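Visitor: Starting from these lines, generate the structure:
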Amino acid sequence: MTTKSKKTKSAGRFGVRYGKKVRNMLVQVESKQRKKQKCPFCNKLGVKRLASGIWECSKCNKKFAGDSYTL
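Guide: Sure, this is the predicted structure:
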């Protein structure tokens with residue numbers, strides 16, 4: 001099993017399958033969803049994705065719904 005490299009980032013787990021374009025789009029979506037985002041209630045960076053469309057702020061502990069991958 002190969003390991004992911006800097007160039008492939010999180011899509012390295014797929015190896016050479018699915019094509020370059022699809023893997024690059026996946027990397028863009030995953031990097032956006034894993035970033036901490038700004039809370040609409042307290043305006044601080046601390047919102048993390050719990051599940052698809054469910055977000056929680058680590059500062060004010062509010063859970064709310066949003067888009068699937070980004071706020």
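
Visitor: What segments of the chain are helices?
Guide: According to DSSP state H, the chain carries its helices in the segments 20-34.

Visitor: Return the residues in contact with the residue nearest to the spatial centre of the chain.
Guide: In the chain, the residue lying closest to the centroid (CA atoms, centre = their mean) is Q33, at 2.0 Å. Each residue near Q33 by CB atoms under 8 Å, 6 or more residues apart in numbering is listed here: 49, 69-70. For every residue, glycine as well, the C-beta is placed using N, CA and C.

Visitor: Identify, from those, the entry nearest to G12.
Guide: Y69 (19.6 Å; CB to CB).

Visitor: Tell me where the model's unsure across this protein.
Guide: Counting by pLDDT under 70, the ranges of the chain that qualify are 1-5.

Visitor: let's see 90
Guide: Applying pLDDT under 90 to the chain flags the ranges 1-16, 32-37, 46, 49, 67-71.
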